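Enquirer: I'd like to go over a predicted model; first the sequence, then the structure.
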Amino acid sequence: MVTVRDVPESEIDQVIDLTGIAFHERVDDGDDRERHRWLLRGARRLGAYEDGRLVGFVGGLPMRMSVPGGSLACVGVTDVVVLPTHRRRGVLSAMIGRLYEDLDAPLAALYASEGAIYGRYGFGHADHAAQIEIDTVRPWTTRIEPAPRPLRMVSLEEAPKVLAPLYERAAARRPGQFLRDEEWWRRWVLTSKESGDDALTEPRVVVMDDAGYVIYRTKLDEESDDLGRVRLMELEGDDARVEAALWRYLASIDLTGRIRGARPVDDLVPLLAADPDTVRITRTWQALWVRLADVGSALQGRGWAEPVDTVLRIVDTRIPANDGHWRLRVTGDDATCERTDAAPDLTLDVRELGTVYLGDTALATLVRAGLVTEHAPGAASRLDRALSVPRAPFTSDDF
Ligand SMILES: CC(=O)SCCNC(=O)CCNC(=O)[C@H](O)C(C)(C)COP(=O)(O)OP(=O)(O)OC[C@H]1O[C@@H](n2cnc3c(N)ncnc32)[C@H](O)[C@@H]1OP(=O)(O)O
């Protein structure tokens, strides 16, 4: 018989060993394990136990996510694992059920190892990422004049303080970003570990003071005579000229001939490049999944692009407090979302609400796909106009 309960701090190493088995990873003693311990110490830890032995785990990180017009508390769901000997017996469902009993944030979010898993728990894919590759073998220039201000390389020690205000501004402009404290910067972002590629250098940080920054790693191609590569981790600029200067800097790094990185789908670089043939989007993928844990607070807590007054029939089989009719009324800067008995304009599963919440996918497209029912003609398009965001949502942090 499997039971679900909190995992004490003393058992964190057992959790890490379990994740190694489920994710097919080596978990050596060392920096990676210490980093993982740190992450789990700060998490809500739910374990599934059989005869006192840990057979499943779900972690919940207390995070804060940028949403249109501000930020909201969000549980970052991580390290979801079940021992291979116990799979497909409902262990994950039991752990998620327990997690949902006392989620203390309007939102939950996760990265899915497989897209087929989390829709049933009310998560919808909420943003996309694009893999951008830039050929920089020949001199690379931009169509606009890059900001002429100097760039300086900053040590990893100094970086969190310098980058924090720049990142906060960037997160305020773009939904889907997680706010960071100094420890998160040091242990999670600016770390030489977990790059997924041992040949990559530690992160390099280059800043244009009070305007933008780039974090990247580099790697020489030892198997061929090709030039090395720049692995872009983050690039944020307050305006296009600052971004142009940062891209041009990356393109000019000696002994490298290619830049590669995961970027927002509306990244400016394909437009900025003087020779657009040098920039390729090699693939796009669904990145973060979002779950509205508390529909009322999540809808009330985000900013809206236009006034709207609509009734939604939300179907939520896992969190009953969300299930039912909700009236969303947005006037000026004020938004209310309350229960109602009124007839709905739209009927949708809470999963679909996660998909449209950050402005990534249009509700009208979900109506077209037969996933949302529109009772009042035009209701989806009206809500889409209110949901719309000036920049595509994107998430830099992986967890
Ligand atoms: C945020 C993250 O950490 S993502 C990482 C997820 N973890 C992994 O990929 C590691 C390897 N896999 C595992 O550890 C496990 O197989 C898990 C966690 C994915 C699933 O755990 P299980 O205990 O087997 O899931 P459980 O038995 O509760 O299944 C619940 C439902 O999900 C379905 N399901 C579970 N895993 C999958 C999957 N990989 N693909 C499709 N459906 C799945 C089951 O069929 C079941 O469906 P039903 O409710 O219609 O009957």
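Expert: Everything's here; your move.
Enquirer: mind jotting down where the helices sit in this structure?
Expert: 12-23, 31-41, 91-101, 159-173, 182-184, 240-251, 269-272, 295-300, 350-357, 363-368, 379-387 (DSSP state H).
Enquirer: and the first one, average pLDDT?
Expert: Averaging pLDDT along helix 12-23 gives 97.
Enquirer: so what's the gap between that helix and the chain middle?
Expert: 23 Å (CA atoms, centre = their mean, to the nearest Å).
Enquirer: show me what counts as buried in it.
Expert: 12, 15, 16, 18, 19, 20, 22 (16 or more other CB atoms under 10 Å). All C-beta atoms are positioned from the backbone trio N, CA, C, and that covers glycine.
Enquirer: now the first one: how far from residue 228?
Expert: When you say that, I think you mean residue 12. In this view, residue 12 and residue 228 are 38 Å apart by CB to CB, to the nearest Å.
Enquirer: please apply the same query to the last one.
Expert: Taking CB to CB as the criterion, residue 22 is separated from residue 228 by 34 Å.
Enquirer: repeat for the third one
Expert: Between residue 16 and residue 228 the distance is 33 Å, computed by CB to CB.
Enquirer: do the same with the fifth one
Expert: Separation of residue 19 from residue 228 (CB to CB) stands at 32 Å.
Enquirer: shouldn't residue 255 be in contact with residue 225?
Expert: No - Residue 255 is beyond contact range of residue 225, at 11.6 Å (criterion: CB atoms under 8 Å).
Enquirer: more neighbours: which of these two?
Expert: residue 255 (9 against 6; other CB atoms under 10 Å).
Enquirer: can you pull the contacts of the more buried one?
Expert: 220, 227, 228 (CB atoms under 8 Å, 6 or more residues apart in numbering).
Enquirer: redo the residues you listed as JSON lines? Include pLDDT.
Expert: Below are those laid out as JSON lines (pLDDT from 0 to 100):
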{"residue": "220", "pLDDT": "87"}
{"residue": "227", "pLDDT": "90"}
{"residue": "228", "pLDDT": "93"}
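Enquirer: from those residues, which would you call buried?
Expert: Using 16+ other CB under 10 Å, the buried ones in the contacts of residue 255 are 227, 228.
Enquirer: just the ones of the contacts of residue 255 in strands?
Expert: residue 228 (DSSP state E).
Enquirer: closest to residue 309 out of the contacts of residue 255?
Expert: Closest approach to residue 309 among the contacts of residue 255 (CB to CB): residue 228, at 56.3 Å.
Enquirer: show me the contacts for that closest one.
Expert: Residue 228 touches 218, 219, 220, 221, 255, 256, 257, counting by CB under 8 Å, 6+ apart.
Enquirer: what residues are up against the third one?
Expert: Applying CB under 8 Å, 6+ apart to residue 220 gives the contacts 199, 228, 255.
Enquirer: now render the contacts of residue 255 as a markdown table, adding distance to the ligand.
Expert: A markdown table is the format used below for these (distance: CB to the nearest ligand atom, whole Å):
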| residue | distance to the ligand |
| --- | --- |
| 220 | 33 |
| 227 | 36 |
| 228 | 32 |
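Enquirer: contact residues of the stretch 51-200 of the chain facing the ligand?
Expert: Counting by CB under 6 Å from any ligand atom, the positions of the stretch 51-200 of the chain adjacent to the ligand are 77-82, 87-93, 110-114, 116-117, 120.
Enquirer: can we see that at 8 Å?
Expert: 56, 58-59, 77-84, 86-96, 110-114, 116-118, 120 (CB under 8 Å from any ligand atom).
Enquirer: same question for stretch 158-173: list its buried residues.
Expert: Counting neighbours by 16+ other CB under 10 Å, stretch 158-173 gives 159, 160, 162, 163, 166, 167, 169, 170, 171 as buried.
Enquirer: not counting its neighbours along the chain, what's nearest residue 136?
Expert: Nearest residue to residue 136 in three dimensions, chain neighbours excluded: residue 251, at 4.1 Å (CB to CB, 6 or more residues apart in numbering).
Enquirer: now for residue 271, how many residues are close by?
Expert: Neighbour number of residue 271 under other CB under 10 Å is 13.
Enquirer: so residue 149 touches residue 207, yeah?
Expert: No - in this structure residue 149 lies outside contact range of residue 207 using CB under 8 Å: 10.3 Å.
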